[in-house]
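Student: Give me a 3D structure for the following:
(chains A and B)
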Amino acid sequence: NAGVTQTPKFQVLKTGQSMTLQCAQDMNHEYMSWYRQDPGMGLRLIHYSVGAGITDQGEVPNGYNVSRSTTEDFPLRLLSAAPSQTSVYFCASSSTMGGYGYTFGSGTRLTVV
Amino acid sequence: LAKTTQPISMDSYEGQEVNITCSHNNIATNDYITWYQQFPSQGPRFIIQGYKTKVTNEVASLFIPADRKSSTLSLPRVSLSDTAVYYCLVARNKLSFGAGTTVTVRA
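Tutor: Sure, this is the predicted structure:
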């Protein structure tokens, strides 16, 4: 099993550009989430989904959109990139929401110039 | 979200036991306590989860007192490869990671 796959691994954007970070899991997990991690900081929750068609906001949702049309995929869209969105982005999935056994992807390192 | 407090950093030597205590004074009745480990340039990895008393697996032990306002992650006989950031989390629906505890194991 591949687990959680994130693409791309690295990306450089210019301010104002938009892009989509991809996240796919092959474990049939209902719960998926997106985090960002700034240097020397913990992970902050951006958006999460408890199943196909259901999404909700986390701590830092501004500037990001998500949708969940299938169980497998949970893309994160940056609408108009800003330097403050320079960060490492992690996607995670789990069969439950209570924190048990989250599987994380390897991350996308995004730089906005 | 229940707020958690844990030390910023801890140093240890190979072969020693490392204990990291996390405070979570406003933990709710239904909340579980979960610990994750993160190596540089990787996503966090689940270590252990518990609700009360003691939980042990092949990697670590988790001690939770009766009032559940704190918990202690115990890493037995650490090695250099245990150098990582350790996160304590308490949440029912959303998981938020604080800054974690950076554990540095020296030879």
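Student: all helices of chain A, in order?
Tutor: Counting by DSSP state H, one finds no helices in chain A.
Student: Could you find the residue in it that comes nearest to chain B?
Tutor: A:Phe104 (2.8 Å; CB to the nearest CB). In short, each C-beta sits where N, CA and C put it, glycine included.
Student: so how many other residues sit close to that residue?
Tutor: When neighbours are counted by other CB atoms under 10 Å in any protein chain shown, A:Phe104 registers 23.
Student: Run through the chain and note the low-pLDDT ranges.
Tutor: Defaulting to chain A. Applying pLDDT under 70 to chain A flags residues A:1, A:99.
Student: That was the other one, I meant chain B.
Tutor: Ranges of chain B meeting pLDDT under 70: B:1-2, B:92-94.
Student: near chain A, which residues of it?
Tutor: Contacts of chain B with chain A, taken as CB under 8 Å from any CB of the partner chain, map to B:32, B:34, B:36, B:41-46, B:49, B:87, B:89, B:91-100.
Student: Please produce a PyMOL select command covering the buried subset of these.
Tutor: Selecting only the buried entries of the residues of chain B next to chain A in PyMOL, with 16 or more other CB atoms under 10 Å in any protein chain shown as the criterion:
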select buried, chain B and resi 32+34+36+43+44+46+49+87+89+91+94+95+96+97+98+100
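Student: Cross the residues of chain B next to chain A against strands and list the overlap.
Tutor: The strands, defined by DSSP state E, take in B:Thr34, B:Tyr36, B:Arg45, B:Phe46, B:Gln49, B:Tyr87, B:Leu89 from the residues of chain B next to chain A.
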